[in-house]
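J.: Give me a 3D structure for the following:
(2 chains)
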Amino acid sequence: MRDATSFDEFYRSTSRRMLRYGHAVTGDHGEAQDLVQEAYARAWRQWGRLAAHPTPEAWLRLVIARLATDRWRRLQRWRAALSRSGPPEPVPPPNEDAVLLAGALRRLPAAQRQALALHYLFDMSVQDIARETRVPDGTVKSWLSRGRARLATLLPDLPAAEELEANDVA
Amino acid sequence: MSRELSDLYRSLARHADERTLVVPQELRRRADRRGRLRVTGVALGTALLLAGLVTGSGLVLAEERQPLPPPAALPPPSGAPAPTPATEPTATPRTPAGTPPRPTATPVATVGNAPVPPRTPATVPDRAFFAQAAENRTGMEPVFRDTAALPALCGARYRSDAGIVQRRTRHLAYRLPGTPTGYVPEGSYAHSITIYRPGRAADFLRELRAAVRGCPEQSGVAGGNATTERPRLLADGGLGDGSVLFEIRAPVRDIDGNPTGGEELRLVRAIRVGDVVTVLWEQGWEGTSATRSQVDADSRRAVAAIDAWLR
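T.: So this is what the prediction gives:
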């Protein structure tokens, strides 16, 4: 038996964070909205069991990340076609940090986007990310390091990757 | 921690906060509905498979053939039973003769005597976007992007934006019929579909009309050069439950920014279908001008796709 009240409460208390996370792992507002709603729909369908899960929010993040990865693969073909011959890219509003970051994130591998989002949006440590994504600590460090290095090259105003790594991966 | 990257993520979070998701009750309702459809589909598929097996077996085991079980019941189509309008349209519908006008607010349907919640679409599926005619296809697939759905009109803002449930925008290029294969496209669109809360779609059309009227001239940028754009409302009708068509003209300039004597024409059309508005903003291709007949044809396709989606 699924308890709608507890699900609604879970949804209201977590959906904003999930939408931020979805945006960070997809680099796109509209996609994030679709993915997050799909993830919650799946959560509701198995809420009877999921309500007893120790960390339903972590479960939801994993679903969002997987959906984003699946969709990412399909979108790559369209984006490649557009970059070759599509209409000119709309000019983002000046000083729009979110637009700049989203654009750069779209050029990172899914795992790096996921690790960076967990770290910067949820303040998760390397160990926490490793536990959630079920990979060794070293892999997470590598994702964070490479992701930030790549962002540093895509966003020229950021400090160099070496400086980025100095403090916060430990 | 890198302060700068943290700042960027904070900006991204603020940006994401501007979006809203459907209310949880609506999300649960949709998830359950999809679950039922999936179960029905599996049951129907199983019934068909069994029917095939039984029929096939019947060829050799005629004496063992039993009456087939009835197929699994399918849920009624979303459009049936006929909805009963609960509110009056807020705008005078301009529909072709013989086509019943759609109320602005989503109607309350009834099953027997029991009212059922109004069916307001919460998300815009891919199938709501029209498929191009074969002769217009360029070989490039449309690309969905989170981008502006309308050109700027002297900085106009739309109060009806507060009533947006969801908006999706895509870019698609087209070629005109008869263009030889291999030629570059003749133009492109920013094509959006927006779901509004009941009644707000008609508000948006009114606001858009006012915005165009209030902006006879504005400064713009074309090809890196400053230019002057002149928006103007055009007569329009016969599409959906109401529409607004306007043009934006700007002088064509050479690479140095000097006028060449010609004009570049953009056409923008917003069409309301119930609580949904679709906007076709023709953006040209490397300086081409919009072709009215093509925009009209694609507008009709856009409305037909939305009709099919909402049916």
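J.: And the helices in chain B?
T.: B:3-17, B:24-60, B:200-213, B:292-310 (DSSP state H).
J.: Where among those is average confidence lowest?
T.: Comparing mean pLDDT across the helices of chain B, the weakest is helix B:24-60, with a mean of 59.
J.: For the stretch 151-300 of chain B, which residue gets nearest to chain A?
T.: Per CB to the nearest CB, B:S188 is where the stretch 151-300 of chain B lies closest to chain A, at 4.3 Å. Backbone N, C-alpha and C define where each C-beta goes, glycine included.
J.: close enough to count as contact, that residue and B:G284?
T.: Yes: using CB atoms under 8 Å, B:S188 is in contact with B:G284, at 6.9 Å.
J.: which one of those two has more residues nearby?
T.: Neighbours per residue (other CB atoms under 10 Å in any protein chain shown) separate B:S188 from B:G284, with B:S188 holding more: 23 against 18.
J.: Now do the same contact list for that one.
T.: A:86-87, B:171-174, B:282-285 (CB atoms under 8 Å, 6 or more residues apart in numbering or on different chains).
J.: for it, which residues make a bridge with it?
T.: Residues in a beta bridge with B:S188, per DSSP bridges, are B:A173.
J.: Look up how far B:V124 lies from it.
T.: Distance, B:S188 to B:V124, by CB to CB, to the nearest Å: 20 Å.
J.: just to revisit the earlier point, check what pLDDT the residue of the stretch 151-300 of chain B closest to chain A gets.
T.: Note on B:S188: pLDDT of 93.
J.: Kindly report the same for B:W285.
T.: You'll see B:W285 listed with a pLDDT of 83.
J.: if I read this right, it contacts B:R175, doesn't it?
T.: No: using CB under 8 Å, B:W285 is not in contact with B:R175, being 9.1 Å away.
J.: Give me the common contacts of those two.
T.: Both B:W285 and B:R175 are contacted by B:185-186, under the criterion CB under 8 Å, 6+ apart.
J.: Neighbour count: the two, which is higher?
T.: Counted by other CB under 10 Å, B:W285 and B:R175 do not tie: B:R175 has more neighbours, with 21 against 18.
J.: so where is chain A shaky, pLDDT-wise?
T.: Where chain A drops to pLDDT under 70, the residues are A:1, A:71-96, A:159-170.
J.: Torsion angles phi and psi at the residue nearest the centre of it?
T.: The C-alpha lying nearest the average C-alpha coordinate of chain A belongs to A:V25 (CA atoms, centre = their mean; 2.3 Å). Here is the backbone geometry of A:V25 (degrees, to the nearest 10): phi -90, psi -20.
J.: That one and B:R14: what is the separation?
T.: Going from A:V25 to B:R14 by CB to CB gives 17 Å.
J.: where along chain A do the helices fall?
T.: Counting by DSSP H, the helices of chain A are A:4-26, A:29-45, A:47-50, A:56-85, A:97-105, A:110-122, A:126-133, A:137-154, A:161-168.
J.: now for these, which one comes closest to B:A297?
T.: Closest to B:A297 of those is helix A:56-85 (CB to CB; 23.1 Å).
J.: give me the number of residues near A:D157?
T.: Counted with other CB under 10 Å, A:D157 comes out at 9.
J.: wait, doesn't it sit right on B:D7?
T.: No: at 10.5 Å, A:D157 does not count as touching B:D7 under the criterion of CB under 8 Å.
J.: Show me the domain layout of chain B.
T.: As given by automatic domain parsing, the domain ranges for chain B are B:3-64, B:120-310.
J.: most packed of those domains?
T.: When you average the neighbours per residue for each of the domains of chain B (mean count of other CB atoms under 10 Å in any protein chain shown), domain B:120-310 leads with a mean of 18.
J.: Quick check: residues of the stretch 101-250 of chain B near chain A?
T.: Residues of the stretch 101-250 of chain B lying close to chain A (CB under 8 Å from any CB of the partner chain) are B:123, B:140-141, B:143-148, B:166-169, B:171, B:173, B:184, B:188.
J.: picking that back up, quick check: the farthest pair among the contacts of B:S188?
T.: Farthest pair in those, by CB to CB: A:G86 and B:E282, 15.5 Å.
J.: Listing partners with orientation, what would you give for the longest strand along chain B?
T.: Determined from DSSP state E, the single longest strand within chain B is strand B:259-273. Using DSSP bridges, strand B:259-273 pairs in its sheet with strand B:243-253 (antiparallel), strand B:276-282 (antiparallel).
J.: tilt between that strand and helix B:200-213?
T.: Calculated by axes from the mean of the first three to the mean of the last three CA atoms, to 10 degrees, strand B:259-273 forms an angle of 160 degrees with helix B:200-213.
J.: related to what we said a few turns ago, would you turn the domains of chain B into JSON lines with distance to A:L67?
T.: As requested, the domains of chain B are exported to JSON lines (distance: least, CB to CB, whole Å):
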{"stretch": "domain B:3-64", "distance to A:L67": "14"}
{"stretch": "domain B:120-310", "distance to A:L67": "14"}
